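In: this one's structure only:
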């Protein structure tokens, strides 16, 4: 560039002319036409390839109007019923999402889309969500494939109504939250959430754990990481055929409170997988079947007033943290397992059934019951327990309520009962206890209710007992048809050891 201007073709030609004198000619003018031909050919080739690729892609593009889904897995092929014959197949048991393949025809007259399939991206999301739920053992492929099942409804909600959150099953954190929201909706549909007294938040885009302004789904409490740790839906009109197994996927759950509802079915064995669960309240439902293995960290197990059958599992004695065990008024026929005597943290033990309905405890009261040093409440009434009251009961220094009525206990009332200094209620009526009433009962300064009627006890009520500030005191001190067995000047209720046809209003007899 001798003049400092742009280096254009004219400059190149001038320098080429100068070089030609030295080397015998200028090659530039001959090469330039050849380059033009080569470039043109290259452009034409690229255009041809692009057109051909577009044709191939277009010919392989699936129909977007998908109205039925078929889950294809190692366990077989499961279909979602539809009036349309078109299907979508997927590998649902593998841990890696794969593209969906489609059949070629879609007759008219279908019942509408079941799952969104507008774009390949949505198809991939469907597959990846299914793979996540099945491979993590959250739900079975069969349950997910049934469109009217709680699992099918919850899956459809995740895919169709919850997309604004765009939770990605491949991203840690989002994956766990996707499963959590899905499980909560399975519970909702399994227990007839449409009829709950309070169902606020369920089935909406709201954060299930709430935000800075509150607004968590009803009954939920979460930790700082967004994991559900408490589900409290007591007295909320929950009813349905079963408590879904999917609840075991709420791995952070510490408290499950579903008492005073109408939940039916058996307890899912998957409950044992809730390794962080400490409180299980299912009191007063309609649960049936046997008691399965329980989570190891339980401190409260409340299954009272259900229809549970079988025996009291000895495995409950392995729940070393257990503080409350309530199995009252079920359909249990069982002895008291010796293993329960290992529960040294137990504070509340209620195993009473209903002998009138041919369900009851039988056998004897284990002598090792004295090991339960933390016990404050003991209720074993309405059974067929036999034998004596163990002296070891006197070791239960924290005991406030002792209810052993309506059994077949024999022998005398142990004098060691006077060591139970915290006892407030003592109900021994309706047994075959004999002998006299021990003076040592007068040492129980906190005693307020003492029921001794319908036994074979004789003699007089000790003055030490009459001097207590007792609100209710009963014995067989009536003599309407029989000579009275106990002389008692301070009893609030005098009974006879016979079945009466007429009872005084408010009488315990």
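Out: Right, received. Where do you want to start? These numbers come from a predicted model, not from an experiment.

In: switch to C-alpha atoms for all contacts and neighbour counts from now on
Out: OK.

In: how about low-confidence regions in the chain?
Out: 1-120, 164, 480-482, 498-506 (pLDDT under 70).

In: Tell me which residue is most central in it.
Out: Central residue of the chain (CA atoms, centre = their mean): residue 247, 3.9 Å from the mean position.

In: distance of residue 141 from residue 135?
Out: 9 Å (CA to CA, to the nearest Å).

In: the more surrounded of these two?
Out: Using other CA atoms under 10 Å, the more surrounded residue of residue 141 and residue 135 is residue 141, with 26 against 17.

In: didn't that one look like it was pressed against residue 134?
Out: Yes - contact between residue 141 and residue 134 holds when scored by CA atoms under 8 Å: they sit 6.1 Å apart.

In: how deep is residue 243 tucked in, by neighbour count?
Out: For residue 243, the count of nearby residues is 21 (other CA under 10 Å).

In: Would you agree it is in contact with residue 190?
Out: Yes - look at residue 243 against residue 190 with CA under 8 Å: they come within range, at 7.1 Å.

In: Would you check how far apart the nearest residue to residue 202 once chain neighbours are set aside and residue 256 are?
Out: Of all residues not flanking residue 202 in the chain, residue 217 sits nearest, at 6.1 Å (CA to CA, 6 or more residues apart in numbering). For residue 217, the distance to residue 256 equals 15 Å [CA to CA].

In: that older thread, contacting residues for the closest residue to the residue nearest to the centre of the chain other than its chain neighbours?
Out: Distances taken as CA to CA, 6+ apart put residue 183 closest to residue 247, at 6.4 Å, once the chain neighbours are dropped. Going by CA atoms under 8 Å, 6 or more residues apart in numbering, residue 183 touches 154, 246, 247, 249, 250.

In: cool, and residue 154?
Out: When contacts are counted by CA under 8 Å, 6+ apart, residue 154 touches 182, 183, 185, 186, 189.

In: Next, count neighbours for the first one.
Out: Read that as residue 182. So residue 182, with other CA under 10 Å, has 25 neighbours.

In: There's contact between it and residue 156 in this structure, I believe.
Out: No - judged on CA under 8 Å, residue 182 makes no contact with residue 156 at a distance of 9.6 Å.

In: that older thread, and the residue nearest to residue 202, helix, strand or coil?
Out: coil (DSSP: H, G, I helix; E, B strand; the rest coil).

In: List the contacts of it.
Out: Applying CA under 8 Å, 6+ apart to residue 217 gives the contacts 199, 200, 201, 202, 206, 207, 208, 209, 210.

In: Next, count neighbours for the fifth one.
Out: This means residue 206. Residue 206, neighbours per other CA under 10 Å, totals 16.

In: Distance of it relative to residue 162?
Out: 9 Å.

In: now the contacts of residue 154 in TSV, with secondary structure and distance to residue 274?
Out: Listed next are the contacts of residue 154 as TSV, based on DSSP: H, G, I helix; E, B strand; the rest coil; distance: CA to CA, whole Å:
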residue	secondary structure	distance to residue 274
182	helix	17
183	helix	14
185	helix	18
186	helix	17
189	helix	21
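
In: got the contact list for the closest residue to residue 372 other than its chain neighbours?
Out: The shortest distance from residue 372 to any non-neighbouring residue, by CA to CA, 6+ apart, is to residue 344 (4.9 Å). Residues in contact with residue 344 (CA under 8 Å, 6+ apart) are 320, 371, 372, 373, 374.

In: secondary structure class for residue 344?
Out: coil.

In: What does it show for phi and psi?
Out: phi -70, psi -10 (degrees, to the nearest 10).

In: Likewise for the one 4 residues further on?
Out: The phi/psi pair for residue 348 (degrees, to the nearest 10) reads phi -140, psi 120.

In: give me the number of residues near the nearest residue to residue 194 once chain neighbours are set aside?
Out: With sequence-adjacent residues excluded and distances taken as CA to CA, 6+ apart, residue 194 is closest to residue 188, at 7.9 Å. Close neighbours of residue 188, defined as other CA under 10 Å, add up to 22.

In: Okay, buried residues for the helix or strand hosting residue 188 please.
Out: Element membership for residue 188, per DSSP states H and E: helix 174-190. By neighbour count on 16 or more other CA atoms under 10 Å, the buried set for helix 174-190 is 176-190.
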